[in-house]
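Peer 1: Sequence first, predicted coordinates after that:
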Amino acid sequence: MPDKAGFSESLVLILKKTRVIVLLSGGIDSAACLHYYLDQRFGPTALFINYGQAAAKKECESAKNIAQRYSVCLDHVKADFSQRFGQGEIIGRNAFFLFTALVKYFSFSGLIGIGIHSGAPYYDTSAKFIRDTQLLFDEYTSGRVRIDAPFLRWDKGMIYTYSRENSVPLKLTYSCELGGKTPCKKCSSCLDRLALGC
C-alpha cells in the first residue's frame, strides 16, 4: 500500500476519526487518491480548484463525475489571476492548492491529501516539498493539519496499475492540459496517458 507520509500506526488511527480533504483535479492521480482514502475507510471531502487553467471546464466536469461515482461531496474554489495557464510547469501550483485548502477549511483538523508522485522533475512533487510545506502548516495550525501524499514514492505506472486493480473510474478522468473537447495527444499529460495505454 502507499506510504502514509511517515505517520505512525497510532497517528493514522487518530486521523481516521477526522475528515480528509482530497485535492481532486479530475485526473488519474487525484481520482486514485480519492479511492485510496475511501478504501482506508476515511470520510473524504473532495476539493476542485479552478485557478485559470485552460482545462478548468473539462477537469471540473471530470471531478464532478468522479465525486458522484464515489458519493463524495465536491467543493469548489475559483481564483482569478487575470491570466490563463496552459501547458508545462506552473511554479507554485501545488503549494497554492494546499494553502487554498488550508484557508478554505480554516477550522479543519486532519489530512489534506494530494496525489503527487515520483518521476516528475519538479520541486513541488518531491518529498522535500511536502516536508517544507508541512513545517509551515505546523506553524499555522499547531500540528492539527497534516499533508498526506500517499503516492509520493510511486511512479505514474504504479498509480495506473493501482487504479486498474481497484476499479478506479479511469474513463471519467481527464488530463489534457489544453482543455479541448478531444485530448490533444501532444501535451505532457496526454503523452503520459498514451504511454500507459489509457
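Peer 2: Done, it's in. Residues are numbered from 1 along each chain as shown.

Peer 1: next helix or strand past the helix or strand hosting residue 130?
Peer 2: Per DSSP states H and E: residue 130 is located in helix 127-141. Using DSSP H and E, the helix or strand that follows helix 127-141 in sequence is strand 145-148.

Peer 1: could you pull out the helices for this protein?
Peer 2: 9-15, 28-39, 56-70, 93-104, 127-141, 156-165, 188-196 (DSSP state H).

Peer 1: Can you find the helix or strand in this structure with the smallest mean pLDDT?
Peer 2: Within the chain, no helix or strand scores below helix 9-15, which has a mean of 53 by mean pLDDT, DSSP states H and E.

Peer 1: What average pLDDT does stretch 178-190 get?
Peer 2: Stretch 178-190 shows a mean pLDDT of 88.

Peer 1: partners of the longest strand that the chain contains, with directions?
Peer 2: Assignment by DSSP state E gives strand 43-50 as the longest strand of the chain. Strand pairing for strand 43-50, determined by DSSP bridges: strand 19-23 (parallel), strand 74-78 (parallel).

Peer 1: As a markdown table, the helices of the chain with distance to residue 45 would be great.
Peer 2: (Glycine included, C-beta is placed from N, CA and C.) As requested, the helices of the chain are arranged in a markdown table below (distance: least, C-beta to C-beta, whole Å):
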| stretch | distance to residue 45 |
| --- | --- |
| helix 9-15 | 14 |
| helix 28-39 | 10 |
| helix 56-70 | 9 |
| helix 93-104 | 10 |
| helix 127-141 | 17 |
| helix 156-165 | 21 |
| helix 188-196 | 25 |
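
Peer 1: Reformat those helices into TSV and put distance to residue 110 and mean neighbour count next to each item.
Peer 2: Output for the helices of the chain, formatted as TSV (distance: least, C-beta to C-beta, whole Å; neighbours: other C-beta atoms under 10 Å):
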stretch	distance to residue 110	mean neighbour count
helix 9-15	5	12
helix 28-39	11	24
helix 56-70	18	20
helix 93-104	11	18
helix 127-141	10	15
helix 156-165	23	17
helix 188-196	29	16
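
Peer 1: Which of these sits closest to residue 119?
Peer 2: Closest approach to residue 119 among these is made by helix 156-165 (5.9 Å; C-beta to C-beta).

Peer 1: and the angle for the closest one with helix 188-196?
Peer 2: 70 degrees (axes from the mean of the first three to the mean of the last three C-alpha atoms, to 10 degrees).
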